[in-house]
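Visitor: quick one, structure for this:
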Amino acid sequence: MKRLSLFIALLLLAIGSQVTSAQELPNFLVIQCDDLGYGDLQCYGHPSIKTPNLNKLASQGVRFTSCYSAAPVCSPSRAGLVTGQTPTQVGIYDWIPGGSPMHVKASEHTVAKLLKSAGYQTGLFGKWHCNGMFNSPKQPQPGDLGFDYWFATQNNAAPSHENPKNFVRNGKEVGPTTGFSCQVVAAEASHWLEDINDDGKPFFALVTFHEPHEPIASPDDLVNTYPDADKRGQALYYANVTNMDRAVGSLMQTLDKLGLADNTLVLFTSDNGPETLDRYPNAWRSHGSPGPLRGMKLHIYDGGIRVPGIARFPGKLDAGIESDVPVCSLDILPTFCEMAGVEIPADAQLDGTSLVGLFRGQPIQRAKPLFWHYYRAYDNAKVAVRDGDWKLVALWDQGEVKPGAAYQKGDYSKIKDAKFTAFELYNLTEDIGETKDVSADHPQIVAQLKKALLEKYDQATANAPDWFAEAN
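Guide: Have a look, this model is predicted:
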């Protein structure tokens, strides 16, 4: 692939700053997978998994090698994408079990709300996971957060990816569906594009596949294409990723059939790194790969937060491009709003940065480094910032809190009162695997990033809600 200069890397993201009419406004299609690892795609170097449609998508646009999610676990990552804010700041501290009081509040500015205000049609298809009381008037639902049309589940497809029974369409339970979840979701999104939305208006579609999160189920014809897999669980996982790739291909065919491809920015990514094998009983099929990165899902190291990222905008981006410019799902909201000519409210406390300035030959100007916090991350490494080549990891004094156990009573004080006792510094350009802590060699960089990290942590936790106190 051709290497990409800073200016050209995100040229596609600058298109909308000078548009003047609804017909000229770009469409947006974001595809987000669940637990797809940085190394899980063929175009990211996986030696076995076949992903021809995503290979094609990458060949038609830009493949990011420093693309980040907002968090190393699902609900915070999704909340970050829709709000453009550090998830802790909006009170989404961990994955959200059914019945939890935790939710994205209706008062938040979301990308769907803001685009809708500019005349966009907005649709959500797949996994929601931004509230605990799904499809209940007790908490905001996707429709309350800006989605005109929604076809979603609270969390995973159940009982598995095959013939799921737990979808809700615009507040009404759908009942049993036929097929695998990614195809069910892609078919619903295609139906919306073809038959429901107004083709005179631009659209924003957020497609959130359940794959390859457990409980995994995959088509036999694809499982049988991996006879050399070491275990059946491995073959099921590989086939699951390939099945998701098929669903991506069907969405691209829909765009082509409707003549929408040339004016649609497609972004493909994942919510976090891959699940750790056998972390819980159903995870025996979780054979995802972080590639060369350290850690996996639930880690604050890059294996938990650096994910695949592919962008395509035909005619507005050179094909076959590779970029190592650090970008994040938090950047989606400000970038889309600038492209659509939408003014961001003055009270929005965004952590993402619009990438449109690159159109004018300027590097990305971040007011603050990229920031991540997950208080249940493995070991004591709970917070990190990245600025250019440098990443600073902060270790806290609370000891390890069981990873993946969900937010519980008593956790709020741990988050609010945390003190950070040690810091690790990595040069990610020279050491992508975060194997060598060079903090002793660069005290000035440590001091600079430590100041930014602690300031952002204080800001993120200052008004973060105590959900169990609010529920009483």
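Visitor: where does the chain dip in pLDDT?
Guide: Applying pLDDT under 70 to the chain flags residues 1-23, 357-362, 472.
Visitor: which residues touch the most centrally placed residue in it?
Guide: What sits nearest the mean C-alpha location of the chain, by C-alpha atoms, centre = their mean, is residue 271, with 3.5 Å. Residues near residue 271 by C-beta atoms under 8 Å, 6 or more residues apart in numbering: 32, 33, 34, 35, 69, 74, 77, 78, 81, 208, 307. In short, each C-beta sits where N, CA and C put it, glycine included.
Visitor: now it, nearest residue through space, not along the chain?
Guide: Once flanking residues are discounted, residue 271 sits nearest to residue 77: 4.2 Å by C-beta to C-beta, 6 or more residues apart in numbering.
Visitor: now do the SS call for the one you found.
Guide: Classification of residue 77 by DSSP: H, G, I helix; E, B strand; the rest coil places it in helix.
Visitor: related to what we said a few turns ago, who wins for most neighbours among the contacts of residue 271?
Guide: Counting neighbours by other C-beta atoms under 10 Å, residue 307 leads the contacts of residue 271 with 32 neighbours.
Visitor: the chain: helices as residue ranges?
Guide: 6-9, 52-59, 74-83, 111-116, 181-191, 220-223, 232-257, 302-305, 332-340, 411-417, 443-462, 467-471 (DSSP state H).
Visitor: so which of those helices gets nearest residue 398?
Guide: Among those, helix 411-417 comes nearest to residue 398, with 5.2 Å by C-beta to C-beta.
Visitor: counting neighbours, what do you get for the spatially closest residue to residue 255 that is not a sequence neighbour?
Guide: Excluding its sequence neighbours, the residue lying closest to residue 255 (C-beta to C-beta, 6+ apart) is residue 261, at 4.3 Å. Neighbour count for residue 261, taken as other C-beta under 10 Å: 20.
Visitor: and the gap between residue 261 and residue 355?
Guide: Residue 261 is 21 Å from residue 355, where distance means C-beta to C-beta, to the nearest Å.
Visitor: domains for this structure, by residue range?
Guide: Under automatic domain parsing, the residue ranges defining each domain of the chain are 2-360, 370-471.
Visitor: for those domains, which one ends up most surrounded?
Guide: The highest average neighbour count among those, using mean count of other C-beta atoms under 10 Å, belongs to domain 2-360 at a mean of 21.
Visitor: now do the strands in the stretch 151-300 of the chain.
Guide: Secondary structure of the stretch 151-300 of the chain by DSSP state E, counting those that start in this stretch: the strands cover 168-169, 172-173, 203-208, 264-270.
Visitor: now render those strands as TSV, adding distance to residue 93.
Guide: Below are the strands of the stretch 151-300 of the chain laid out as TSV (distance: least, C-beta to C-beta, whole Å):
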stretch	distance to residue 93
strand 168-169	25
strand 172-173	29
strand 203-208	20
strand 264-270	20
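Visitor: what sits against residue 275?
Guide: Residues near residue 275 by C-beta under 8 Å, 6+ apart: 35, 213, 214, 283, 286, 288, 296, 297.
Visitor: at 6 Å instead, please
Guide: Each residue near residue 275 by C-beta atoms under 6 Å, 6 or more residues apart in numbering is listed here: 35, 283, 286, 288, 297.
Visitor: so the third one makes contact with residue 277?
Guide: Translated: residue 286. Yes - under the criterion of C-beta atoms under 6 Å, residue 286 makes contact with residue 277 at 5.3 Å.
Visitor: if I look at residue 210, how far off is residue 115?
Guide: As judged by C-beta to C-beta, residue 210 and residue 115 stand 24 Å apart.
Visitor: how about stretch 36-55 as CSV, C-alpha atoms only?
Guide: Output of stretch 36-55 as CSV, limited to C-alpha atoms (Å, rounded to 0.1, in the frame of the first residue of the first chain):
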residue,chain,number,x,y,z
LEU,A,36,-12.9,-7.6,16.7
GLY,A,37,-9.1,-7.6,17.3
TYR,A,38,-6.5,-5.4,15.6
GLY,A,39,-5.0,-8.5,14.0
ASP,A,40,-8.2,-10.3,13.1
LEU,A,41,-8.5,-9.1,9.4
GLN,A,42,-6.7,-10.4,6.4
CYS,A,43,-5.7,-6.9,5.5
TYR,A,44,-4.3,-6.4,9.0
GLY,A,45,-2.1,-9.4,8.6
HIS,A,46,-4.1,-12.4,9.9
PRO,A,47,-2.5,-15.5,8.4
SER,A,48,-5.8,-17.5,8.2
ILE,A,49,-9.0,-15.5,8.4
LYS,A,50,-10.4,-14.6,5.0
THR,A,51,-12.0,-11.2,4.7
PRO,A,52,-12.3,-10.4,1.0
ASN,A,53,-14.9,-7.6,1.3
LEU,A,54,-12.9,-5.7,3.9
ASN,A,55,-9.7,-6.3,1.9
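Visitor: relative to the whole chain's centre, how far out is that stretch?
Guide: With C-alpha atoms, centre = their mean, to the nearest Å as the basis, stretch 36-55 stands 17 Å off its chain's centre.
Visitor: cool, and stretch 61-70?
Guide: Using C-alpha atoms, centre = their mean, the offset of stretch 61-70 from its chain centre is 10 Å.
Visitor: repeat for stretch 129-146
Guide: 19 Å.
Visitor: also stretch 198-211?
Guide: Relative to its parent chain, stretch 198-211 has a centroid offset of 15 Å by C-alpha atoms, centre = their mean.
Visitor: give me the contact list for it.
Guide: In contact with stretch 198-211 (C-beta under 6 Å, 6+ apart) are residues 25, 27-34, 115, 119-127, 156-157, 181-182, 189, 197, 240, 244.
Visitor: in the sheet, who's paired with the residue lying closest to residue 442 once chain neighbours are set aside?
Guide: Leaving aside its sequence neighbours, residue 442 sits nearest to residue 425 (C-beta to C-beta, 6+ apart; 5.9 Å). When bridges are called by DSSP bridges, residue 425 pairs up with residue 392.
Visitor: wait, residue 425 sits on residue 441?
Guide: No - Residue 425 is beyond contact range of residue 441, at 8.2 Å (criterion: C-beta under 6 Å).
Visitor: joint contacts of the two?
Guide: By C-beta under 6 Å, 6+ apart, residue 425 and residue 441 have no common neighbours.
Visitor: got the contact list for residue 181?
Guide: Contacts for residue 181 (C-beta under 6 Å, 6+ apart) come out as 157, 161, 164, 210.
Visitor: again, only using 7 Å
Guide: Shown in contact with residue 181 (C-beta atoms under 7 Å, 6 or more residues apart in numbering): 157, 161, 164, 210, 211.
Visitor: could you do residue 394 as well?
Guide: 382, 383, 384, 420, 423, 453.
Visitor: between these, which sits nearest residue 254?
Guide: residue 384 (37.9 Å).
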